[in-house]
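> Could you look at this predicted model? Sequence included:
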Amino acid sequence: MNIALIAHDKKKDHLVSFTTAYKDILSKHHLFATGTTGLRIINEAGLDVHRFQSGPYGGDQEIGALVANNKMDIVIFFRDPLTSQPHEPDISALIRLCDVYSVPLATNLGTAEILIKGLERGDLAWRTIVNGRSGETNGADQA
Ligand SMILES: O=C(CO)COP(=O)(O)O
């Protein structure tokens, strides 16, 4: 599976802790992230992550493009609901596209935990039918 990992600044510590805690599961998949989030996950969780631009510089839109092409299977986006962001339209657009394409999206730690446990149990196998990669079991696919 292709998994996008994104966090706003005040939520980055949470995402680093989350990716560290679930490193064994996440390392079986292809990970993508916005720029600064990705750097922290690489350095602090020790995971292999493909980094896009930083969010305010277009990273959310790059991930949105993959969602629109059915190349992103899960989006974990720890957004900060208490701080205004200069690229709010990009954030809304990414969330909207996840809803357009029924891509599983977690915007907080509680939902992300459920999603990652479901992923490990195989609950998201339907994604391989939607994304045309049905021969694959553990996400050995590339965006
Ligand atoms: O702003 C973001 C998502 O909207 C995240 O971007 P960074 O990971 O580069 O901080």
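Cool, got the structure.
> Now do the residue nearest to Phe77 when sequence neighbours are not counted against Leu94, distance only.
Leaving aside its sequence neighbours, Phe77 sits nearest to Ile6 (CB to CB, 6 or more residues apart in numbering; 4.4 Å). Backbone N, C-alpha and C define where each C-beta goes, glycine included. For Ile6, the distance to Leu94 (CB to CB, to the nearest Å) stands at 8 Å.
> Could you list the residues of the protein in contact with the ligand?
Ile6, His8, Thr34, Gly35, Thr36, Thr37, Ser54, Gly55, Pro56, Gly59, Asp60, Ile91 (CB under 6 Å from any ligand atom).
> which among those residues gets closest to the ligand?
Gly55 (2.0 Å; CB to the nearest ligand atom).
> Could you list the low-pLDDT ranges of this protein?
135-143 (pLDDT under 70).
> which residue ranges form the helices in it?
12-21, 23-26, 35-40, 59-68, 88-100, 109-121, 126-130 (DSSP state H).
> how many neighbours does Pro81 have?
8 (other CB atoms under 10 Å).
> need the contact list for it.
Neighbour list for Pro81: empty [criterion: CB atoms under 8 Å, 6 or more residues apart in numbering].
> what's around Asp24, how many residues?
Neighbours of Asp24 using other CB under 10 Å come to 8.
> Next one: it from Gln85, what distance?
Where Gln85 is concerned, Asp24 sits at a distance of 32 Å (CB to CB).
> what does Ile76 give?
17 Å.
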